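Q: Return a 3D structure for these sequence lines:
(one chain, ligands or ions: 1)
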Amino acid sequence: MPNPKQTDYELFAQKNGIKLSDVTPLSLEDRLMRLETELSRTDVPYPIAPQKRDPYLTAAKTGLPFRTGNLGTESVALGDYECRQHYENYTFEEHLSWACLVAQQKKTKEKFACQEYQNGEKLFEISGGVIPDFYLLNARIYQQTAWQLATVNEIIPAELFFTCHSKRFFPVTTFMRPLGTDYLEEPDIGHDVAGHVATFTISAVANVMKYHGEARNIIYADRDKQIEAAHEDDEVIQQIKATADELLKYAGRIYWFTVEFGLVMENGEVRDFGAGILSSPGETIYSIGGSESNRILIDPSCDQDLLRLANTDYLISEFQKTYFVLENFDLLESLTPERILKASKKAMDLPDFTWREILPGDRVIDVGTAMMSVNEKYHRLMAGQKMDECLTRTAIKNLQLYQEGLNNELLAQFRQMPNEVPQEVATWFKENPEDLNPPH
Ligand SMILES: [Fe+2]
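A: Numbers count the residues shown, from 1 in each chain. Below you'll find the predicted structure:
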């Protein structure tokens, strides 16, 4: 009788055009041989210093599972989040899941990823039949980009995530999603590695990543100074900490709409470079050709456009409802840590936009069927109608801000002054604010 699992495996392999026999990891001996050759390369932008090579190779040879990369001068402390890649422990099914996912990704990436991204993929041989061995992958990434992998066991706090970025470490998980899964809220190596690694080679994108890390460092240095000056007043300290995390949330939105879900024009066509999109074959097709989402041109070198990103809320539980499109990667070069920080500070005190809205002044490429008018969230809130969390959260934040009183000078930071909140909603909110707690 055939093994039912084996039959399933064959079906998955067939469906994705791969041979089960190709899903065979190299032996430890072969991997070590490749690693040794790779480590000694000097024809690369960032050759590995001889004193770094030996301990790295020795760790691999003695069978120590890969931890955080240690090929440069920086290191990063991950605390309880640190994890190791136990390469030998991956099952056949996990390797097959990787092979199926990257085979699907390959088809959609070839069609919809921008050229720079595709070049990066080839450089790191991401589309292979087995899960990459991080010893080898980390060495190659370092040699080409000076970035390294930092293995973590789960989603880490934003603060630590961006700390890693400031030192050119990219946190990656080590687990692989179940066979046949397309979209996953929680990142796995199908996202962290197969989605992100190629973007490190796009220097403008890698800079945005690093600069978000540096923006985090400025925010936290300032936070620590304020804490010191707070003379152990717990309430004040809690407020200082909350403000720092809030600032990071707004900075994180700029990261989200570029590094994770960014699109770029290439030869007159819209193409993907965001890792969140390209790791999901379904969302890759949807992001370019889907009728549901808005696509809007954005120029991050313009302060008002940067606020458009920082003030747009989103959800992670489904495909995005708005994508922002760069005219070219050069526009990202303007995203210094200082500008990220400045936009985040302003965004905190300005009304938010939902992920479905199109605003006056937006340079619209496509209006999606999920689009909603700016005022709809307020009316739905007042009528107690069902809406997604992004709309609820945004409506409540804005109503609270308007109730506290927003000055026109601040609102003028936007390209165009936002619509007034409808009078009947403002009155209703004033009378019923206690029932409303924004969902997190
Ligand atoms: Fe990501």
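
Q: my guess is residue 257 contacts residue 324, does it?
A: Yes. The pair formed by residue 257 and residue 324 meets the contact definition of C-beta atoms under 8 Å, at 4.9 Å. For every residue, glycine as well, the C-beta is placed using N, CA and C.

Q: Pull up the overlap in contacts between those two.
A: Counting by C-beta atoms under 8 Å, 6 or more residues apart in numbering, the shared contacts of residue 257 and residue 324 are 298, 309.

Q: before we move on, which element is residue 181 in?
A: Per DSSP states H and E: residue 181 is located in neither a helix nor a strand.

Q: Mind pulling up the pLDDT for it?
A: With respect to pLDDT, residue 181 has a value of 80.

Q: Contact partners for residue 381?
A: So residue 381 contacts 387, 391-392, 395-396, 399, 425, 436 (C-beta under 8 Å, 6+ apart).

Q: what do you get for residue 56?
A: Contacts for residue 56 (C-beta under 8 Å, 6+ apart) come out as 39, 48, 70-71, 135, 139.

Q: And the buried ones among these, selectable in ChimeraX?
A: Here is the ChimeraX command that picks out the buried ones among those, judged by 16 or more other C-beta atoms under 10 Å:
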select :39,48,71,135,139
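
Q: can you give me the mean pLDDT across stretch 251-271?
A: Per-region confidence: stretch 251-271 scores 98 on mean pLDDT.

Q: wait, I meant stretch 387-406
A: Across stretch 387-406, pLDDT averages out at 93.

Q: before we move on, what about stretch 425-437?
A: Within the predicted structure, the mean pLDDT of stretch 425-437 is 78.

Q: and residue 406, that one's in a helix?
A: No. Using DSSP: H, G, I helix; E, B strand; the rest coil, the assignment for residue 406 is coil, not a helix.

Q: Quick check: which element contains the residue nearest to residue 349 when sequence neighbours are not counted?
A: Counting by C-beta to C-beta, 6 or more residues apart in numbering, the nearest residue to residue 349 once its immediate chain neighbours are dropped is residue 410, at 6.2 Å. Assigned by DSSP H and E, residue 410 belongs to helix 408-411.

Q: who's in contact with that helix?
A: For helix 408-411, the external contacting residues (C-beta under 8 Å, 6+ apart) are 346, 349-351, 417-418.

Q: Same question for stretch 35-46.
A: 47-48, 53, 56-57, 60, 72, 133, 135-136, 139-140, 142-146.

Q: now do stretch 244-260
A: 158-159, 162, 199, 205, 208-209, 212, 215-216, 219-220, 222-223, 274-277, 298, 300, 306, 309-314, 323-324, 326, 332, 335, 340-341, 343-345, 347-348.

Q: Just the buried ones from the residues you listed, in ChimeraX syntax?
A: Here is the ChimeraX selection string for the buried members of the contacts of stretch 244-260, based on 16+ other C-beta under 10 Å:
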select :158,162,199,205,208,209,212,215,216,219,220,223,274,275,276,277,298,300,306,309,310,311,312,313,314,323,324,326,332,335,340,341,343,344,345,347,348
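
Q: So what touches stretch 281-290?
A: Stretch 281-290 is contacted by residues 101, 104-105, 107-109, 111-113, 182-183, 261, 263, 270-272, 274, 276-278, 292-293, 319-320, 323, 368 when judged by C-beta under 8 Å, 6+ apart.

Q: whoops, I mixed them up, stretch 308-315
A: Applying C-beta under 8 Å, 6+ apart, the contact partners of stretch 308-315 are 250-251, 253-254, 256-258, 298, 300, 320-322, 324, 343-344, 346-347, 350-355, 359, 362, 388-390, 393-394, 414-415.

Q: repeat that with 7 Å
A: For stretch 308-315, contacts defined as C-beta atoms under 7 Å, 6 or more residues apart in numbering pick out 250, 253-254, 256-257, 298, 320, 322, 324, 343-344, 347, 350, 352-355, 388-390, 393-394.

Q: Could you find the closest non-adjacent residue to the residue nearest the centre of the chain?
A: Note on the chain: the residue nearest the mean C-alpha position is residue 260, at 3.6 Å, using C-alpha atoms, centre = their mean. Nearest residue to residue 260, sequence neighbours excluded (C-beta to C-beta, 6+ apart): residue 276, at 3.8 Å.
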